[in-house]
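1. structure here, sequence nowhere to be found:
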């Protein structure tokens, strides 16, 4: 099968090239683009089914925009509508104007000049958003501005396609087409709102209740492609439809889980997209015209970055945010390739000009990850400001007002909302500890979310779910589920994000504790023996055993992995002769740093006369002082082995704890 062979070649070259670039700490996008250049028709010509690969690449763009839509919400999108429409219009309009003036000055007609302006006004949604996501910067102000402008570009590309025949002098009823497009767009907006508010949340809830991952995946994918197909049928782009589909699902509490199961497919198919873009580059033409092409890339970089920055600055964003936004949008995007084909069809673009355009576009795409990586330094140099360590990101009043999961910091993550998880959440609420819950029961998530509990539907074994709750910046996490296999996977997943996070794990049986501790848990609490601890704690209280002794015994039991409750535990010998029944030997810890016994020699304390106790030994750090001298001074942290009756020991303990 030619297609299967081509996919094998594509993936094989990608693996090798991306692996090498990863060792050099370079973005994987560069590897995919270079793969396309090498194996494409202008390189080694290893790919035969070029059209089929391009179809797969379209799937990648669809899934990319779908995931972006799910990570937003209609409310958030509405909050950046000003940037979408005003910022987007200014960026596209100013770029078209400047590019058209320059191209016309070079002796070309106005129709050709405006069309070239169309091409250079469009940026790469796929590359920009993929790079920002990989760098975990998608929630920054510059990323939100870039996304808003990219959304406008995806919308405006359709009218550009409709206007192109008219600019070429081909007779067509363009006004009627535009009017119908507006009507259809209005219908799409209304349907999007209805589906997001009333239909899809109920559908996803019903599917989630089945606990079938396969069905959940099928429904998610079907919604994505169905809505993308419908928008394409009415004249809008597939990518825009996929973005709308993502927005619709984002309004349900199941968007995080949907994102986590889509991500592997998105990564695969977007790699096809970047490879297909690389295959467009004519190496012979590029090598013959390298100086001109690189000069044009520099002009495009300066022109588009400046125009985009001006558009954002006019919306009263901070100067640095405007510059960072401009730098992220300097490249020429994938929709420009589709538009260029129409331009060639209507003779608005010559084959030679198209090759210059393709070369500039692909080079700008290759440079995009590097420009975004160094954008902070570039912006600081432009502003003449030296970057200081610990300098906080600029906060802008136009940013989103509501907090998101990714803004959580120094918080508690509760995995599982059964009895233990819910009780822990109540305790955290009472103690004003910020927390978020991950739960797989759809009914529980729906019920608790309505109560205002910070809870998301998702499987903590999925990498993206833990990213969503910002696990790398959490202070502690508690795994409160009963399934041991899932618990093992979650521990590994959490430790892949953070080695320092304090991790408590609940399990049913004590035999599982050793393995879970080895996997990375800091504390493992088995239910079968914790119940026993509560029972004997109450019994010892009834027998008037000192509180300190009970606490020590509980700590000893837990630290010894519950050996007391196992058959192999040997009871230590206790010095308690029958004739001295009212006396016992007890170990007390000098916890306090400010009691009246610290810093004084024993001879001055008169412990036997005043408190009825004798100090038999002192353990200080790892050293046992068995022969205690009168001049010995008590220190904080000392373990005192004392003898006395129960009442005197208890009284003394209350003074030193």
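-> Yep, that arrived. Every value quoted in this text rests on a predicted model; they were computed, and no experiment measured them. Numbers count the residues shown, from 1 in each chain.

2. all contacts plus neighbour counts: C-alpha atoms, from now on.
-> Fine.

3. where in the stretch 451-600 of the chain is pLDDT low?
-> For the stretch 451-600 of the chain, the stretches flagged by pLDDT under 70 are 528-545, 557-584, 593.

4. for it, what spans make up the strands?
-> With DSSP state E, counting those that start in this stretch as the criterion, the stretch 451-600 of the chain has strands at 455-457, 476-479, 502-507, 523-526, 583-589.

5. I'd like these as a markdown table, with distance to residue 135 and mean neighbour count appended.
-> Converted to a markdown table, the strands of the stretch 451-600 of the chain look like this (distance: least, Cα to Cα, whole Å; neighbours: other Cα atoms under 10 Å):
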| stretch | distance to residue 135 | mean neighbour count |
| --- | --- | --- |
| strand 455-457 | 23 | 24 |
| strand 476-479 | 24 | 22 |
| strand 502-507 | 25 | 21 |
| strand 523-526 | 32 | 20 |
| strand 583-589 | 49 | 20 |
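
6. could you export the ones you listed as a markdown table, including distance to residue 261?
-> Formatted as a markdown table, the strands of the stretch 451-600 of the chain follow (distance: least, Cα to Cα, whole Å):
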| stretch | distance to residue 261 |
| --- | --- |
| strand 455-457 | 13 |
| strand 476-479 | 21 |
| strand 502-507 | 25 |
| strand 523-526 | 29 |
| strand 583-589 | 52 |
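
7. looking at those, which is closest to residue 43?
-> Shortest distance between residue 43 and the strands of the stretch 451-600 of the chain, using Cα to Cα, is found for strand 455-457: 46.8 Å.

8. in its sheet, what does the closest one sit against?
-> strand 435-439 (parallel) (DSSP bridges).

9. for residue 46, what are phi and psi?
-> phi -90, psi -20 (degrees, to the nearest 10).

10. show me the contacts for it.
-> Listed by Cα atoms under 8 Å, 6 or more residues apart in numbering, the contact set of residue 46 reads 6, 9, 39, 40.

11. closest to residue 463 among the residues you listed?
-> Ranked by distance to residue 463 (Cα to Cα), those are led by residue 9 at 28.8 Å.

12. could you point out the helix or strand that follows the helix or strand harbouring that closest one?
-> Assessed by DSSP states H and E, residue 9 sits inside helix 2-23. Proceeding N to C from helix 2-23, the next assigned helix or strand is helix 28-39, under DSSP H and E.

13. who touches that next one?
-> 10, 13-14, 17-18, 21-22, 43-47, 127, 271-272, 274-281, 283, 366, 369.

14. what comes up buried for that helix?
-> 28, 29, 30, 31, 32, 33, 34, 35, 36, 37, 38, 39 (16 or more other Cα atoms under 10 Å).

15. equivalent analysis for stretch 272-284, please.
-> Buried residues in stretch 272-284, counted by 16+ other Cα under 10 Å: 272, 273, 274, 275, 276, 277, 278, 279, 280, 281, 282, 283.

16. same question, stretch 322-341
-> 322-337, 339-340.

17. follow-up on the earlier one: of the contacts of residue 46, which is the nearest to residue 413?
-> For the contacts of residue 46, the nearest to residue 413 is residue 9 (43.2 Å; Cα to Cα).

18. which residue would you name as the spatial centre of the protein?
-> residue 467 (3.7 Å; Cα atoms, centre = their mean).

19. could you list the low-pLDDT ranges of the stretch 1-150 of the chain?
-> For the stretch 1-150 of the chain, the ranges with pLDDT under 70 are 1, 71-73, 76-77.

20. the helices in it, which residues?
-> Here the stretch 1-150 of the chain has its helices, by DSSP state H, counting those that start in this stretch, at 2-23, 28-39, 50-71, 74-79, 81-82, 88-105, 110-121, 125-134, 141-167.

21. comparing these, which comes out most buried?
-> Ranked by mean neighbour count under mean count of other Cα atoms under 10 Å, the helices of the stretch 1-150 of the chain are led by helix 28-39, which reaches a mean of 25.

22. ok so, going back, mind putting the buried residues of helix 28-39 into CSV with distance to residue 222?
-> Shown next, in CSV, are those (distance: Cα to Cα, whole Å):
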residue, distance to residue 222
28, 29
29, 27
30, 31
31, 31
32, 28
33, 29
34, 32
35, 31
36, 29
37, 33
38, 35
39, 33
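
23. show me which of those is closest to residue 154.
-> Among those, residue 29 lies closest to residue 154 (Cα to Cα), at 21.2 Å.

24. contacting residues around residue 649?
-> 546, 586, 613, 642, 643.

25. state the pair within those residues that is farthest apart.
-> Going by Cα to Cα, the pair spanning the contacts of residue 649 furthest: 546 and 613, at 14.6 Å.

26. need the contact list for residue 491.
-> Contact analysis of residue 491 by Cα under 8 Å, 6+ apart lists 516, 519, 520, 521.

27. what about those, which one has the most neighbours?
-> With neighbours taken as other Cα atoms under 10 Å, the top of the contacts of residue 491 is residue 521, carrying 25 neighbours.

28. how far away is the residue lying closest to that one once chain neighbours are set aside from residue 415?
-> Distances taken as Cα to Cα, 6 or more residues apart in numbering place residue 503 nearest to residue 521, at 5.3 Å, with adjacent residues excluded. To residue 415, residue 503 is 11 Å away according to Cα to Cα, to the nearest Å.

29. ok, residue 99 touching residue 119?
-> No: with contacts counted by Cα atoms under 8 Å, residue 99 stays clear of residue 119, the gap being 9.4 Å.

30. give me the domain ranges for this protein.
-> Taking automatic domain parsing as the reference, the chain has its domains at 57-383, 407-530, 573-657.

31. JSON lines please, covering these and showing distance to residue 2.
-> Converted to JSON lines, those look like this (distance: least, Cα to Cα, whole Å):
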{"stretch": "domain 57-383", "distance to residue 2": "16"}
{"stretch": "domain 407-530", "distance to residue 2": "35"}
{"stretch": "domain 573-657", "distance to residue 2": "72"}
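
32. let me know which of those is tucked in deepest.
-> By mean count of other Cα under 10 Å, those have domain 57-383 as the most buried, with a mean of 20.

33. which phi and psi does residue 625 have?
-> The phi/psi pair for residue 625 (degrees, to the nearest 10) is phi -100, psi 100.

34. which one is it nearest to, not counting chain neighbours?
-> Using Cα to Cα, 6+ apart, the nearest residue to residue 625 is residue 618, at 5.0 Å.

35. and the one you found, how close does it get to residue 654?
-> In terms of Cα to Cα, residue 618 sits 18 Å off from residue 654.

36. equivalent analysis for residue 632, please.
-> For residue 632, the distance to residue 654 - Cα to Cα - is 22 Å.

37. next one: residue 323
-> 64 Å.

38. so residue 621 touches residue 640, yeah?
-> No: Residue 621 is beyond contact range of residue 640, at 11.7 Å (criterion: Cα under 8 Å).

39. quick one: the helices in the stretch 401-550 of the chain?
-> Counting by DSSP H, counting those that start in this stretch, the helices of the stretch 401-550 of the chain are 419-430, 442-450, 463-468, 484-497, 513-519, 527-542, 547-559.

40. now residue 241: how far from residue 127?
-> Distance from residue 241 to residue 127, by Cα to Cα: 18 Å.
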